[in-house]
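J.: Sequence first, predicted coordinates after that:
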Amino acid sequence: QVQLVESGGGLVQAGGSLRLSCATSGSIFSRTIFRGNTVDWYRQAPGKQRDLVATISSSGGTNYADSVKGRFTISRDNAKVTVYLQMSSLKPEDTAVYYCHTALNSWGQGTQVTVSP
């Protein structure tokens, strides 16, 4: 598996913005896998299933859940071996733990995002 670490979560008021980051460890194996594969952001609200939010391929192609289109932007910096999720116009329903995922069923520990009304 690839070790993934998310950061950037926090408490924000509705309408605000946050940027999440997903980085991998320094091993050559992890960096190679991370650079060469799709990376996804998922989120899981209390009592709900984990849902796909956004995807970015190794070549930079992106896809978004309908609920976040136009508000969230996923990007990657392969030099820094990091994937970002820029979240704008946040809503209370965006409150969840956000997880990063990539190949070999690799998951991060999650970062909490809480949006207050």
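T.: Here it is on my side, so go on.
J.: In space, what's closest to N78 - neighbours in sequence excluded?
T.: Leaving aside its sequence neighbours, N78 sits nearest to R35 (Cβ to Cβ, 6 or more residues apart in numbering; 4.9 Å). To be clear about C-beta, it is placed using only N, CA and C from the backbone, and glycine gets the same treatment.
J.: Over to G9?
T.: T111 (3.4 Å).
J.: quick one on the thing from earlier: residues in contact with the residue nearest to N78?
T.: By Cβ atoms under 8 Å, 6 or more residues apart in numbering, the residues touching R35 are 58, 78, 81.
J.: Give me the buried entries from these.
T.: Buried subset of these (neighbour count, 16 or more other Cβ atoms under 10 Å): V81.
J.: lowest average confidence, helix or strand, in this protein?
T.: helix 28-36 (a mean of 92; mean pLDDT, DSSP states H and E).
J.: Would you mark the buried spots in it?
T.: Neighbour counts over helix 28-36 (16+ other Cβ under 10 Å) mark 30, 33-34 as buried.
J.: which one among those gets closest to G10?
T.: Distance to G10 across the buried residues of helix 28-36 (Cβ to Cβ) is lowest for F34, with 24.2 Å.
J.: what's the spacing between that closest one and G15?
T.: 32 Å (Cβ to Cβ, to the nearest Å).
J.: again, but for A23
T.: To G15, A23 is 28 Å away according to Cβ to Cβ.
J.: more neighbours, the two?
T.: Here A23 and G15 are compared on neighbour count by other Cβ atoms under 10 Å; more neighbours surround A23, at 20 against 10.
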